[in-house]
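[1] Quick check, what structure comes out for this input:
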Amino acid sequence: MNTLFSRVYALDSGLHTGEENMEIDRRLMASFLDGRFQRRYGGDSCLWRFYGWSPHAITVGYHQDISTLDSAKCSAAGIDIVRRPTGGRAVFHAEEFTYSFFTDSAEHNATLYRVVHEVIQRALEGLGIHAEFCRSTLSRHQGEASSSSVSCFTASAKYELQVDGRKLVGSAQRRSRNVLLQHGSLPLSPRHKQLGTFVALPESGVLHDGIGEEMERKTTSLEEILGYMPQYEQLAELMKSAAGHTEGVETVELYADDLTDIY
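    Presented below is the predicted three-dimensional model:
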């Protein structure tokens with residue numbers, strides 16, 4: 001087995017607001033950048049963090065124009081808007097299982113992207129789902145460029161996961177020196193497809209409808225595949241097991257108290 005890490009750690013953070021979730025990830029990344037995490041848990045280690053969102057939130061990529069979202073409509077619906085430290089496009093985090101992955105590694109981004117999705121692929125097998133790697137970007141129909149520029153789930157990169165040709169997991173990365181942070185969203189239900197409802201422009205509604213139609217055609221969720229919505233806790237256990245199995249080690253679970261001086 002060709003493995004990259006001899007130590008795999010997992011932290012289940014539970015539900016947080018959008019800003020709290022992103023702040024936790026910023027602090028964890030900072031702990032890798034200054035070496036605190038490695039000194040305590042080993043330089044050949046990686047960390048998986050699992051979490052959810054309360055209230056629901058929309059995150060935008062690090063360089064994305066936040067004005068594409070209707071802040072008044074989001075506020076009225078009780079939905080947070082927050083900027084991610086990773087790249088990519090907007091994601092509506094409603095009923096979903098979210099992960100963050102951290103490591104200090106000289107491996108290429110694409111290699112780590114593949115390794116992360118291999119773990120998710122193995123975890124999904126535990127639900128009876130056979131997800132396949134996207135080999136290239138999903139095709140875009142004429143006239144869809146503007147809607148694709150808003151939503152993360154309407155574009156696919158190599159090694160992302162799809163089922164029956166529809167994207168199931170949306171992920172984005174950020175690297176600083178050798179430290180990599182990768183975010184990813186696994187929708188439990190089709191609620192993520194409602195992103196277009198909260199897009200600000202154009203007022204004609206063409207873009208809103210385009211996003212909805214495109215996401216319906218290109219994306220899916222666990223509920224749509226399985227016929228039921230699996231529990232967050234079940235996915236967390238499957239991910240912990242898969243993360244260790246992929247590297248040939250046992251995943252060590254961390255708790256908030258273990259990281260009080262880190263985040």
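[2] from the chain's centre, how far out does stretch 4-13 sit?
    Averaging C-alpha positions (C-alpha atoms, centre = their mean, to the nearest Å) puts stretch 4-13 16 Å from its chain's average.
[3] quick one: contacts for the spatially most central residue of the chain?
    What sits nearest the mean C-alpha location of the chain, by C-alpha atoms, centre = their mean, is Gly184, with 1.1 Å. By C-beta atoms under 8 Å, 6 or more residues apart in numbering, the residues touching Gly184 are 98-101, 116, 120, 169-172. All C-beta atoms are positioned from the backbone trio N, CA, C, and that covers glycine.
[4] Put together TSV for the residues you listed, with distance to Gly196 and secondary structure on each row.
    TSV is the format used below for the contacts of Gly184 (distance: C-beta to C-beta, whole Å; DSSP: H, G, I helix; E, B strand; the rest coil):
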residue	distance to Gly196	secondary structure
Thr98	20	strand
Tyr99	24	strand
Ser100	26	strand
Phe101	28	strand
Val116	28	helix
Ile120	26	helix
Val169	20	coil
Gly170	15	strand
Ser171	21	strand
Ala172	19	strand
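[5] If any of these are buried, put those into a ChimeraX selection.
    Restricted to buried positions by 16 or more other C-beta atoms under 10 Å, the ChimeraX selection for the contacts of Gly184 reads:
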select :98,99,100,101,116,120,169,170,171,172
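[6] And for Val8, the neighbour number?
    Using other C-beta atoms under 10 Å, Val8 is surrounded by 25 other residues.
[7] for the one 10 residues further on, same thing?
    Taking other C-beta under 10 Å as the criterion, the count of residues near Gly18 is 21.
[8] my read: it touches Gly52, true?
    No. Applying C-beta atoms under 8 Å as the test, Gly18 and Gly52 come out as separate, 11.0 Å apart.
[9] what's the spacing between the closest residue to Gly244 other than its chain neighbours and Thr220?
    Nearest residue to Gly244 in three dimensions, chain neighbours excluded: Thr251, at 3.6 Å (C-beta to C-beta, 6 or more residues apart in numbering). With the distance defined as C-beta to C-beta, to the nearest Å, Thr251 ends up 27 Å from Thr220.
[10] With Val115 instead?
    23 Å.
[11] just Asp258 next, same as before
    Asp258 sits 36 Å away from Thr220, taking C-beta to C-beta as the criterion.
[12] what about these two, which has more around it?
    Set Asp258 next to Thr220 and count neighbours by other C-beta under 10 Å: Thr220 wins out with 22 against 14.
[13] beta partners for the nearest residue to that one once chain neighbours are set aside?
    Distance criterion C-beta to C-beta, 6+ apart; nearest residue to Thr220, sequence neighbours excluded, is Arg166 at 4.1 Å. Following DSSP bridges, Arg166 is listed with bridge partners Val163.
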